[in-house]
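Enquirer: I would like to see how this sequence folds:
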Amino acid sequence: MKKLFNKLTTGSVKLVEKYLPDPFIFAIILTFLVIVISMFVTKATPIGIAEAWYGGFWNLLTFSMQMALILVTGTILATAPLFKKGLGRLASLPKNKFQAIIFVNVISILACFVNWGFGLVIGAIFAKEVAKRVKNVDYPLLVASAYAGFLVWHAGLSGSIPLALATGGPGLVTATGGAITDAIPTSLTIFSTFNLVIFGVILVTVPLLLALMHPKDGDAKVVDPKLFDNEVEAAVLKDRKEMTPAEKLENSKIINYILSAIGFVVIIKYFIDNGFNLNLNIVIFVFLFTAILLHGTPIAVVRAVNGAAKNVGGIILQFPFYAGIMGIMIAVGPAGVSLAGAISDMFVNISTATTLPLFSFLSAGIVNVFVPSGGGQWAVQGPIMMPAGMALGVDAAKTAMSIAWGDAWTNMIQPFWALPVLGIAKLGAKNIMGYCLVVLLYSGVIISLGLILL
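Expert: Coordinates of the predicted model:
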């Protein structure tokens, strides 16, 4: 059994390394594929599809900037001396390669359950720190373990679908095609028995699964120390008496203290008003002003940002192309249906009350490859799946969470969300996706069984 598992893991890694192109090429291939399929399914003309593509191309600009800032602010926080020292102590707890893999994945899963943006960044940063301290640990597998925590995000406290259900209002009525008129509390979604059981099984077993994937010592790809060299440009220290007025401002700790104080007043006020309700903007804000405080001087922050900004190229280039794909997927053609809607309808037509949660999950997983956005997923599938669930007598919360799990599930083979992690870790998608493919296959079975049996 162990030999069979090792062959599966090795085969998966080699398959991905051989055939998975750069994430930008992957996005282009998806674009071509969606264009061709859409012409047949929606009966749209090439010009109509091109217009839908262009119309969607700019729809992720705000989100792209948020993701770039998540990567940059998370990185500059990690390079602040005090934070780096504390993270280093935590990273020193694992004593061998197996403990390292398990520890990184558990931390990432728990962090992603709290907030997906926080979890992505912290998991990647933590993996780097562990790699510096644990000998003979396979670095790509360690980073894959950090990214694999993202599997649970949509079932957690920042899941856009359960939060939309809990918010209620006219937007919920529209998003569910009129099927849901009253808010559904998180006690029936995030904290439901079936959701917590699925989450618990993943939390206990996926770290062990990843640890079992570790190659033999001779085959392990140990991190090259040069990968972490010159992450932040070193400050040139001068005697204050020799500084020009401009240099004195650049090296003034008082400026950082005042600026961070203003930021923390806003942060404290936010949490007083909103509780522990994290979103991307407040996570970025916390990262940024904590980093400003810990770096000590304005010029130190500038140097840290200059070093971190080198890793955002993939986000800037690729996110508009995924926005274009989403534009094609949701565009309604002359046939009166969108491509994403047609995929959902196909699964609805073969569903029963027992199988609808499973087929909602599977269809969401397929749509997510092309529409890797929780909000976009809900906008596309909610008006189709939720009325179908009501007609078949399926619990609304379970139908919605099936979509949520499907949206998170295929992120394991979708490089879109891995870009911030890869930017921090300084790896390529093909380095980690072979391990993530095994996690996809395993977790697909666990989630499917949970949705059918619980």
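
Enquirer: Could you measure from the residue lying farthest from the centre of the chain over to E247?
Expert: Most distant from the centre of the chain: K241, at 47.8 Å, with distances by CA atoms, centre = their mean. Remark: distance between K241 and E247 (CB to CB, to the nearest Å) = 11 Å. (C-beta placed from N, C-alpha, C; glycine too.)

Enquirer: So which residues of the stretch 151-300 of the chain form helices?
Expert: Assigned helices in the stretch 151-300 of the chain, in chain order: 160-167, 170-175, 193-212, 245-250, 253-274, 280-295, 298-308 (criterion: DSSP state H, counting those that start in this stretch).

Enquirer: Of all those, which one is nearest G393?
Expert: G393 lies closest to helix 193-212 among the helices of the stretch 151-300 of the chain, at 16.5 Å (CB to CB).

Enquirer: give me every residue that touches L61.
Expert: Residues near L61 by CB atoms under 8 Å, 6 or more residues apart in numbering: P320, A323.

Enquirer: correction: T176
Expert: T176 is in contact with G382, P383, M386, P387, A396, counting by CB under 8 Å, 6+ apart.

Enquirer: can you list these in CSV and add distance to A144 and secondary structure?
Expert: Output for those, formatted as CSV (distance: CB to CB, whole Å; DSSP: H, G, I helix; E, B strand; the rest coil):
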residue, distance to A144, secondary structure
G382, 31, helix
P383, 35, helix
M386, 34, helix
P387, 38, helix
A396, 35, helix
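
Enquirer: where does this structure have low pLDDT?
Expert: Scanning the chain for pLDDT under 70 picks out 1-2, 4, 225-240.

Enquirer: So what's the gap between the longest helix along it and the chain middle?
Expert: In the chain, with assignment by DSSP state H, the single longest helix is helix 429-453. Relative to its parent chain, helix 429-453 has a centroid offset of 15 Å by CA atoms, centre = their mean, to the nearest Å.

Enquirer: Same check on stretch 348-357?
Expert: 28 Å.

Enquirer: Check stretch 118-135 too.
Expert: 15 Å.

Enquirer: Send me stretch 303-316 as PDB with only the CA atoms.
Expert: This file holds the C-alpha atoms of stretch 303-316, laid out as PDB (Å, rounded to 0.1, in the frame of the first residue of the first chain):
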ATOM      1  CA  ARG A 303      13.500  49.300   1.300                       C
ATOM      2  CA  ALA A 304      11.300  46.400   2.500                       C
ATOM      3  CA  VAL A 305       8.500  47.300   0.000                       C
ATOM      4  CA  ASN A 306      11.000  47.600  -2.800                       C
ATOM      5  CA  GLY A 307      12.200  44.100  -2.100                       C
ATOM      6  CA  ALA A 308       8.700  42.600  -1.700                       C
ATOM      7  CA  ALA A 309       7.300  44.300  -4.800                       C
ATOM      8  CA  LYS A 310       9.500  42.200  -7.100                       C
ATOM      9  CA  ASN A 311       7.100  39.300  -6.500                       C
ATOM     10  CA  VAL A 312       3.800  40.800  -7.700                       C
ATOM     11  CA  GLY A 313       4.400  40.400 -11.400                       C
ATOM     12  CA  GLY A 314       2.300  37.300 -11.800                       C
ATOM     13  CA  ILE A 315      -0.700  38.900 -10.100                       C
ATOM     14  CA  ILE A 316      -0.500  42.100 -12.300                       C
END
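
Enquirer: Let me know the secondary structure of T354.
Expert: Judged by DSSP: H, G, I helix; E, B strand; the rest coil, the three-state class of T354 is coil.

Enquirer: Against M401, how distant is it?
Expert: 16 Å.

Enquirer: Please compare the two by neighbour count and tell me which comes out ahead.
Expert: Legend: neighbour count by other CB atoms under 10 Å for T354 and M401, higher for M401 (30 against 10).

Enquirer: That one: helix or strand, and which one exactly?
Expert: Assigned by DSSP states H and E, M401 falls within helix 396-409.

Enquirer: Which SSE is immediately downstream of that helix?
Expert: helix 415-425.

Enquirer: Would you mind writing the CA trace of that next one as PDB?
Expert: Below are the C-alpha coordinates for helix 415-425, written out as PDB (Å, rounded to 0.1, in the frame of the first residue of the first chain):
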ATOM      1  CA  PRO A 415      -2.600  28.500 -10.000                       C
ATOM      2  CA  PHE A 416      -4.700  31.700  -9.700                       C
ATOM      3  CA  TRP A 417      -4.800  31.700  -5.900                       C
ATOM      4  CA  ALA A 418      -1.300  30.200  -5.500                       C
ATOM      5  CA  LEU A 419       0.400  33.300  -7.100                       C
ATOM      6  CA  PRO A 420       0.800  35.200  -3.700                       C
ATOM      7  CA  VAL A 421       2.200  32.000  -2.100                       C
ATOM      8  CA  LEU A 422       4.500  31.300  -5.000                       C
ATOM      9  CA  GLY A 423       5.700  35.000  -5.000                       C
ATOM     10  CA  ILE A 424       6.600  34.800  -1.300                       C
ATOM     11  CA  ALA A 425       8.200  31.300  -1.600                       C
END
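
Enquirer: what helices or strands is that helix leaning on?
Expert: Counting contacts by 3 or more CB pairs under 8 Å, 6 or more residues apart in numbering; DSSP states H and E, helix 415-425 packs against helix 23-42, helix 61-78, helix 116-133, helix 139-148, helix 313-330, helix 429-453.

Enquirer: wait, isn't I101 in contact with L212?
Expert: No. With contact defined as CB atoms under 8 Å, I101 does not count as touching L212 (9.0 Å).

Enquirer: So which of those two has more stuff around it?
Expert: I101 (31 against 14).

Enquirer: Can you give me the distance of that one to A124?
Expert: Applying CB to CB, the value for I101 to A124 is 14 Å.

Enquirer: go on, L317?
Expert: Computed with CB to CB, the distance linking L317 and A124 is 19 Å.

Enquirer: How about T297?
Expert: 26 Å.

Enquirer: between these two, who's got more neighbours?
Expert: A124 (28 against 18).

Enquirer: Starting from Q414, give me the distance back to that one.
Expert: A124 is 16 Å from Q414, where distance means CB to CB.

Enquirer: Can you check which of the helices of the stretch 151-300 of the chain gets nearest to L110?
Expert: Across the helices of the stretch 151-300 of the chain, closest to L110 is helix 193-212 (CB to CB), at 7.7 Å.

Enquirer: So which elements touch the closest one?
Expert: helix 2-19, helix 97-114, helix 139-148, helix 396-409, helix 429-453.
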